[in-house]
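Chemist: Need a 3D model of the following:
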Amino acid sequence: MSEKDESGTPITFSKEEASRIREAFAKHSEHLICPRCGGAMKAGGPVAGGGSIAPVHEIRCDACAASVLASAGR
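Modeler: Residues are numbered from 1 along each chain as shown. Next up, the predicted model:
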């Protein structure tokens, strides 16, 4: 289960954490590791983009359910 703040909103990755995940995804890394808990992260199918716009994927941690949006670029 993901961490939540006092209002119940899921805690997001810091800018630095999100940037590292996006960089690894853009390099087509097969082993994405969650900077929050060390769990394995997996990319889901595209949630946006397509055509002339690079697809955007949700990258989610299996262990803590934290996620970030990322594009592999073209």
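
Chemist: Same question for the strand of greatest length in the chain: list its buried residues.
Modeler: Longest strand in the chain, counting residues (DSSP state E): strand 40-50. Judged by neighbour count (16 or more other C-beta atoms under 10 Å), strand 40-50 contains these buried residues: residue 41. C-beta here means a position set from N, CA and C on the backbone, and glycine is covered the same way.

Chemist: neighbouring strands for it, and are they parallel or not?
Modeler: Here strand 40-50 is paired, per DSSP bridges, with strand 32-33 (antiparallel), strand 53-61 (antiparallel).

Chemist: hmm, who's touching the helix or strand that the longest one is followed by?
Modeler: It refers to strand 53-61. Next along the chain after strand 53-61, taking DSSP states H and E as the criterion, comes strand 67-71. Strand 67-71 has contacts (C-beta atoms under 8 Å, 6 or more residues apart in numbering) with 12-13, 17-18, 21-22, 25-26, 43, 47-49, 54-61.

Chemist: Type out the PyMOL command that picks the buried ones from those residues.
Modeler: This is the PyMOL syntax for the buried subset of the contacts of strand 67-71, where burial follows 16+ other C-beta under 10 Å:
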select buried, resi 13+18+21+22+25+54+55+57+59+60+61
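
Chemist: quick one, what contacts residue 40?
Modeler: Residue 40 makes contacts with 31-34, 61-63, as judged by C-beta under 8 Å, 6+ apart.

Chemist: Filter those residues down to the buried ones.
Modeler: Those of the contacts of residue 40 that meet the buried threshold are 32, 34, 61, by 16+ other C-beta under 10 Å.

Chemist: Do you know the pLDDT at the closest residue to the first one other than its chain neighbours?
Modeler: Nearest residue to residue 32, sequence neighbours excluded (C-beta to C-beta, 6 or more residues apart in numbering): residue 41, at 3.9 Å. In this prediction, residue 41 carries a pLDDT score of 95.
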